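A.B. asks: Sequence and predicted structure, then a few things I'm wondering about:
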Amino acid sequence: QVQLVESGGGLVQAGGSLRLSCVASGSIFSINAMGWYRQAPGQQRDLVATITRDGRTNYADSVKGRFTISRENAKNTVYLQMNSLKPEDTAVYYCRAEVKLRAWSGLAQYWGQGTQVTVSS
């Protein structure tokens, strides 16, 4: 069993900053890519940023230059530093991880329960 737990969401004014964290725990052999996604009411879940185990990153165009994804492999943790927040960043933010449960097993995807980020104008 693998669990991903996000934290760090909240209410912030436009122009402010928040830092999200996501910790993976359970029967984990290794974690490949990790990422953040977001879903606004009535909309689909969209990619925000991803990071590979060796640190290669990918960002949605809408957050480039404002958000930074990072990770600590030894702690099975991924972060999302969000600066210059805008009202359109308001959404539930979800953490995702590609997990290998055994040395010989394939990758399985796991999601966190989500954390609400609200940016007021």
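C.D. replies: Perfect, thanks for sending it.
A.B. asks: which residues of the protein fall in helices?
C.D. replies: In the chain, no helices are defined using DSSP state H.
A.B. asks: Can you name the residues that contact the residue nearest to the spatial centre of it?
C.D. replies: The structure's the chain has its C-alpha centroid closest to residue 36; by Cα atoms, centre = their mean the separation is 2.6 Å. When contacts are counted by Cβ atoms under 8 Å, 6 or more residues apart in numbering, residue 36 is found next to 20, 22, 48-50, 69, 78, 80, 93-96. (C-beta placed from N, C-alpha, C; glycine too.)
A.B. asks: One more: residue 49?
C.D. replies: The neighbours of residue 49, taking Cβ under 8 Å, 6+ apart as the test, are 35-36, 57-60, 63, 67, 69, 80.
A.B. asks: what's the residue lying farthest from the centre of the chain sitting at in phi/psi?
C.D. replies: The outermost residue of the chain, judged against the average C-alpha position, is residue 104 (26.3 Å), by Cα atoms, centre = their mean. In terms of degrees, to the nearest 10, the main-chain angles of residue 104 are phi -100, psi 0.
A.B. asks: so how far is residue 30 from it?
C.D. replies: 12 Å (Cβ to Cβ, to the nearest Å).
A.B. asks: Now do residue 105, the pLDDT please.
C.D. replies: Listed pLDDT for residue 105 reads 89.
A.B. asks: Name the nearest residue to it, sequence neighbours excluded.
C.D. replies: Using Cβ to Cβ, 6 or more residues apart in numbering and skipping the chain neighbours, the partner closest in space to residue 105 is residue 29 (7.3 Å).
A.B. asks: Right, I'll leave it there.
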